[in-house]
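Asks: whatever this is, show me its structure:
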Amino acid sequence: MSTATPNPKSSMIPQEFVRGWPVISAAVMGIGLGMSPLPFYTIGVFIRPISEEFGWEPSKVLLALSVYTVFIVFMAPFIGMVTDRIGARKVALTSIILFGVSMMMQSLHTGSLALYIALWAFIAIFGAGTLPITFTKAINNRFDIHRGKALGIALVSTGVFGALAKFLAAEVMDLYGWRMAYVALGFLPIMIAFPIALVAFHDIDDQTSKDSLLVRLKIPILAVSVVGMSALAYYVLSFILPLVAADGWKLQYLVAVFFLMIAFIPLVMVIVGDVTFKPPLIKNSRQQDGKAVLTGMTMSQALSGWRFWMLAASFVVISVAIGAVIPNLEQILMSKGFSMGEAVGLAILTGLAVLGGRVIGGVLIDRYWAPAIAFIFLSSPSIALYLLSGNIISSEVATVSILMIGFGAGVEYDFLAYLVAKYFGMHSYSSIYGGLYAFFGIGAGFGPAILSHYAEAQGEWVNVLIYAAIALLLGSLPLLTLGKYADFTSPDQP
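Replies: Numbers count the residues shown, from 1 in each chain. Got it, this is the predicted structure:
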């Protein structure tokens with residue numbers, strides 16, 4: 001008696017998500033409360049108090065991003081290789097805890113530049129496993145037809161939690177000072193992301209049955225995440241409600257409440273859903289010497305090809321142009337006459353745009369040729385940078401510009417993860433993605449301090465923003481040369 005095989009065209013659409021939703025839920029929290037968004041999105045809130053306490057220029061505070069970028073250059077490929085060797089689950093769980101501790105350690109700054117550098121280096125060393133390198137491997141192994149959508153959903157959390165973390169840091173800073181704000185940020189991954197990943201994050205080689213102790217203790221474990229999310233919601237609302245009372249319900253305040261509701265969705269799904277292991281429907285492996293081996297290029301094969309180096313060069317330029325602006329948004333807006341509260345409120349809109357960019361981008365790259373979609377999304381924010389270069393800008397112009405920047409910033413990690421899987425395969429996915437992520441990190445890490453220093457020397461941001469707009473357009477063009485996707489399903493492929 002034969003067993004019927006599901007028709008992929010009729011059943012793959014729901015089944016990929018039915019089987020893979022626990023991984024997406026855990027990835028949403030792990031990435032959103034990981035090293036990618038938290039230090040990057042919140043450092044703008046800390047620039048002024050740290051500068052005032054230690055007598056530093058803003059560019060010196062932003063040196064932190066350059067410091068931890070240097071270590072990311074080495075740690076991202078290393079974490080990628082470790083992930084390919086021992087699995088994404090072990091790497092992610094360990095790094096979530098260590099990253100939270102390293103964020104708390106930022107409260108120990110004394111004004112010593114050496115200590116400042118060391119503590120930011122710890123973030124990169126101990127938090128690298130929370131980068132998309134680990135979480136997107138598990139997603140790519142489970143999704144094919146809807147890979148772009150799955151990556152978009154998972155990575156949208158960087159904008160959501162990056163925005164919420166700004167409000168949390170600002171509120172705790174007002175109440176207890178900037179040191180306690182860093183402690184609060186450090187608690188987020190430990191209390192929220194870790195329990196969810198513990199019960200729900202599994203790659204194809206990490207199987208959990210209904211009899212597993214983690215499954216049986218799911219509710220007590222996730223109770224910790226409920227407490228953490230409740231604390232996050234309390235401080236975010238404590239920050240925005242007085243502003244609402246004074247200014248009314250502006251868009252940025254509505255966005256914050258909307259993000260809070262979104263942030264609770266993965267937690268609720270894991271609480272009420274079945275988190276036991278379900279085999280993926282797609283086949284990313286073949287039998288070799290009696291063992292299942294993921295198909296695709298090795299790291300050495302990727303390094304010997306031109307596509308790896310073209311992507312590396314393009315994303316360095318893109319990350320400088322977009323990544324250097326986002327941490328400086330508060331400074332840019334305040335230089336245009338906006339108050340700190342107004343600047344933080346407007347900067348929060350990047351999260352809304354990131355959400356839209358990632359969801360829409362994910363749908364489009366599943367349907368159309370990804371490099372063309374990437375070019376359109378990544379080059380369009382150049383218009384916004386030009387608008388922000390004006391000496392006097394209205395709140396309406398600032399709002400539109402920030403939304404456009406966030407829309408472009410909402411797809412870089414997604415597209416890079418998608419392109420790596422499509423052009424290099426899954427055999428050494430984390431190693432290859434980690435190598436490319438290192439180049440992306442170079443621009444995102446060094447760009448803010450370099451451009452902030454240049455703006456200080458110029459006394460304005462006009463030329464910086466114009467140059468960034470030009471760089472963004474030129475850096476996106478080479479993506480159109482990638483060609484057709486690789487086919488790793490035939491036996492003669494590596």
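Asks: can you map out the strands along the stretch 151-300 of the chain?
Replies: Using DSSP state E, counting those that start in this stretch, the strands of the stretch 151-300 of the chain run over 285-288, 291-294.
Asks: tell me the mean pLDDT over the first one?
Replies: Read it as strand 285-288. Per-residue pLDDT over strand 285-288 has a mean of 52.
Asks: tell me which helix or strand of this structure sits lowest on mean pLDDT?
Replies: Within the chain, no helix or strand scores below strand 285-288, which has a mean of 52 by mean pLDDT, DSSP states H and E.
Asks: doesn't Leu451 belong to a strand?
Replies: No - counting by DSSP: H, G, I helix; E, B strand; the rest coil, Leu451 falls outside a strand, being helix.
Asks: relative to Leu65, how far out is it?
Replies: 11 Å (C-beta to C-beta, to the nearest Å). The way it works is simple: take the backbone N, C-alpha and C, and place the C-beta from them, glycine included.
Asks: residues of the helix or strand harbouring Ala457 that come out buried?
Replies: Using DSSP states H and E, Ala457 sits within helix 429-458. Neighbour counts over helix 429-458 (16 or more other C-beta atoms under 10 Å) mark 429-453, 455 as buried.
Asks: what's downstream of that helix, the next helix or strand?
Replies: Beyond helix 429-458 toward the C-terminal end (DSSP H and E), the next one is helix 462-476.
Asks: what's in contact with that following helix?
Replies: For helix 462-476, the surrounding residues in contact (C-beta atoms under 8 Å, 6 or more residues apart in numbering) are 314-318, 320-322, 324-325, 332, 374-375, 378-379, 381-383, 385-386, 388-391, 408, 451, 454-455, 458.
Asks: can you give me the angle it makes with helix 429-458?
Replies: 160 degrees (axes from the mean of the first three to the mean of the last three C-alpha atoms, to 10 degrees).
Asks: now helix 462-476: average pLDDT?
Replies: 84.
Asks: ditto for stretch 70-87
Replies: On average, stretch 70-87 scores 90.
Asks: what does stretch 136-155 give?
Replies: On average, stretch 136-155 scores 88.
Asks: work out the gap between it and the centre of the chain.
Replies: Taking C-alpha atoms, centre = their mean, to the nearest Å, one finds the center of stretch 136-155 at 14 Å from the center of the full chain.
Asks: now do the end-to-end distance for it.
Replies: 9 Å (C-alpha to C-alpha, to the nearest Å).
Asks: and if you look at stretch 143-159?
Replies: 22 Å.
Asks: centre of the chain to it, how far?
Replies: 11 Å.
Asks: same check, this time on stretch 54-74
Replies: 19 Å.
Asks: please enumerate the helices of the stretch 151-300 of the chain.
Replies: 157-176, 178-188, 194-200, 213-216, 218-247, 251-272, 299-303 (DSSP state H, counting those that start in this stretch).
Asks: most tightly surrounded among those?
Replies: helix 194-200 (a mean of 26; mean count of other C-beta atoms under 10 Å).
Asks: residues making contact with that helix?
Replies: 22-23, 25-26, 29-30, 89, 92-93, 96-97, 100, 214-215, 218, 221-222, 224-225, 266-267, 270, 275.
Asks: could you count how many residues lie near the nearest residue to Ala372 once chain neighbours are set aside?
Replies: In space, and not counting its chain neighbours, Ala372 is closest to Leu480: 6.6 Å by C-beta to C-beta, 6 or more residues apart in numbering. Close neighbours of Leu480, defined as other C-beta atoms under 10 Å, add up to 12.
Asks: am I right that Leu480 sits in a helix?
Replies: Yes - under three-state DSSP, Leu480 falls within a helix.
Asks: test my guess that it contacts Phe375.
Replies: Yes - with contacts counted by C-beta atoms under 8 Å, Leu480 reaches Phe375, the gap being 5.6 Å.
Asks: show me what contacts Asp414?
Replies: 148, 151-152, 155, 358, 361-362, 365.
Asks: wait, Ile332
Replies: 325, 388, 461, 465.
Asks: do that again at 7 Å, thanks
Replies: 388, 461 (C-beta atoms under 7 Å, 6 or more residues apart in numbering).
Asks: ditto for Phe187
Replies: With C-beta under 7 Å, 6+ apart, Phe187 has these contacts: 100, 228.
Asks: give me the pLDDT for it.
Replies: Confidence score, pLDDT, at Phe187: 96.
Asks: before we move on, back to that, average pLDDT across the helix holding Ala457?
Replies: 80.
Asks: which helices and strands does it pack with?
Replies: If contacts are counted by 3 or more C-beta pairs under 7 Å, 6 or more residues apart in numbering; DSSP states H and E, helix 429-458 sits against helix 58-61, helix 63-86, helix 132-142, helix 299-303, helix 306-323, helix 412-424, helix 462-476.
Asks: quick one: closest of those to Gly159.
Replies: Closest of those to Gly159 is helix 412-424, at 10.7 Å (criterion: C-beta to C-beta).
Asks: state the mean pLDDT of that closest one.
Replies: For helix 412-424, mean pLDDT is 89.
Asks: tell me where the stretch 301-450 of the chain is predicted with low confidence.
Replies: 323-324, 327, 340, 344-345, 348, 351, 392, 409-410, 445, 449 (pLDDT under 70).
Asks: ok, now the stretch 1-150 of the chain?
Replies: If you take pLDDT under 70 as the line, the stretch 1-150 of the chain has these spans: 1-14.
Asks: how about the helices of it, start to end?
Replies: Counting by DSSP H, counting those that start in this stretch, the helices of the stretch 1-150 of the chain are 8-32, 38-54, 58-61, 63-86, 88-104, 113-127, 132-142, 147-155.
Asks: any idea how far stretch 160-167 is from the middle of the chain?
Replies: On C-alpha atoms, centre = their mean, the centre of stretch 160-167 falls 12 Å from that of its chain.
Asks: got a list of what Asn328 touches?
Replies: Counting by C-beta under 7 Å, 6+ apart, Asn328 makes contact with 44, 448, 451-452.
Asks: widest-spaced pair of those?
Replies: It's Gly44 and Leu451 that sit farthest apart of these, by C-beta to C-beta, at 13.1 Å.
Asks: count of neighbours near Gly337?
Replies: Gly337: 11 neighbours (other C-beta under 10 Å).
Asks: what helix or strand is it on?
Replies: When the helices and strands are read off by DSSP H and E, none of them contains Gly337.
Asks: does Ile139 really touch Val23, like I thought?
Replies: Yes - here Ile139 reaches Val23: they are 6.1 Å apart, a contact under C-beta atoms under 7 Å.
Asks: more neighbours, the two?
Replies: For Ile139 versus Val23, neighbours defined as other C-beta under 10 Å are more numerous around Val23 (30 against 23).
Asks: which residue packs closest to that one, ignoring adjacent ones?
Replies: Going by C-beta to C-beta, 6+ apart, Val23 has Ala138 as its nearest residue, at 5.0 Å.
Asks: which residues touch that neighbour?
Replies: 23, 88, 201, 203.
Asks: from these, which two are the most distant?
Replies: For the contacts of Ala138, and using C-beta to C-beta, no pair is farther apart than Val23 and Ala88, which are 9.4 Å apart.
Asks: one step back: mind checking which of the contacts of helix 462-476 are buried?
Replies: 314-318, 320-322, 324-325, 332, 374-375, 378-379, 381-383, 385, 388-389, 408, 451, 455.
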